[in-house]
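Undergrad: All I have is the shape, not the residue letters:
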Ligand code: HEM
């Protein structure tokens, strides 16, 4: 099996499975709460709603950062196939961000649109989270190969929104923490390193312009 086939039939399905694990753990946690199963590695505890909001939010943010890690990892390793993971990672980030919003809007706010609207307007960290989620939508919608071909260079420009929305996601996390800011600060640092790498690469004159990924 050549390396492209290995990537397509072994590595990519493994990454897909890894991305689906948090969702699987959450489903098991909910099933345990319902008394359907005893086996649940993720304990949703006394406040399952906030535990679910947390798990989906942090997974979305982790996946956004991992998506941004793909280009430096490819530049360091020279393994060009890695670029083919970006779409899947980005779509999983979108999925978890939508689940995060759904848990908040449905389980926390009882789909009370007036209360949700008031929260978005009055609580700045929610305003920022909402802006990040809205920016993810055009990226997800235009992630298909057909859209990549149709938009050409405009696709590349549009997908630069990932830098802005990840910054907003990190800021949203930082802002909602009440006391211990060490974890959000770690995310600020990781994002800063990923951006510094890109800037450094550009200044070294080795910057490879983002390409429209090939169809996988
Ligand atoms: C790309 C979009 C988003 C990302 C990456 C994201 C990420 C996060 C993260 C990492 C946390 C911290 C979890 C924790 O430690 O408890 C969080 C918390 C939270 N987010 Fe988001 N979020 C996003 C969008 C949104 C949106 C659209 C809303 C609602 C309109 C929202 C509402 C909340 C709430 C209510 C919390 C919990 C705050 C608390 O526990 O007091 N987020 N989010």
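TA: On my side now, so go ahead. Only a predicted model underlies this, so the values are computations on that prediction, with no experimental measurement involved.
Undergrad: Which residues does stretch 126-136 contact?
TA: Residues outside stretch 126-136 that contact it (C-beta atoms under 8 Å, 6 or more residues apart in numbering): 93-94, 97-98, 101, 119-121, 161, 164-166, 168-169, 171-172, 175. Heads up, the C-betas are built off the backbone N, CA and C, glycines and all.
Undergrad: is it anywhere near the ligand?
TA: Yes - against the ligand, stretch 126-136 shows contacts by C-beta under 6 Å from any ligand atom at 126, 129-130, 132-133, 136.
Undergrad: near the ligand, which residues of the protein?
TA: 50, 53-54, 57-58, 60-61, 97, 100-101, 104, 120, 126, 129-130, 132-133, 136, 169, 172-173, 176.
Undergrad: PyMOL command to pick out the buried ones of the residues you listed?
TA: In PyMOL syntax, the buried subset of the residues of the chain next to the ligand is picked out as below (16 or more other C-beta atoms under 10 Å):
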select buried, resi 53+57+58+60+61+97+100+101+104+126+129+130+132+133+136+169+172+173
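Undergrad: In helices only, show me the residues of the chain next to the ligand.
TA: 50, 53-54, 57-58, 60-61, 97, 100-101, 120, 126, 129-130, 132-133, 136, 169, 172-173, 176 (DSSP state H).
Undergrad: List the neighbours of stretch 37-49 that are in contact with it.
TA: In contact with stretch 37-49 (C-beta under 8 Å, 6+ apart) are residues 25-26, 28-33, 51-52, 55, 103, 107-108.
Undergrad: follow-up on the earlier one: including pLDDT, could the residues of stretch 126-136 next to the ligand go into CSV?
TA: Formatted as CSV, the residues of stretch 126-136 next to the ligand follow (pLDDT from 0 to 100):
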residue, pLDDT
126, 98
129, 98
130, 98
132, 98
133, 98
136, 98
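Undergrad: Out of those, which two sit at the greatest distance?
TA: The largest separation in these, counting by C-beta to C-beta, is between 126 and 136 at 15.6 Å.
Undergrad: Next one: residue 40 relative to residue 165, how far apart?
TA: 32 Å (C-beta to C-beta, to the nearest Å).
Undergrad: Compare these two and say which is more crowded by neighbours.
TA: residue 165 (21 against 17; other C-beta atoms under 10 Å).
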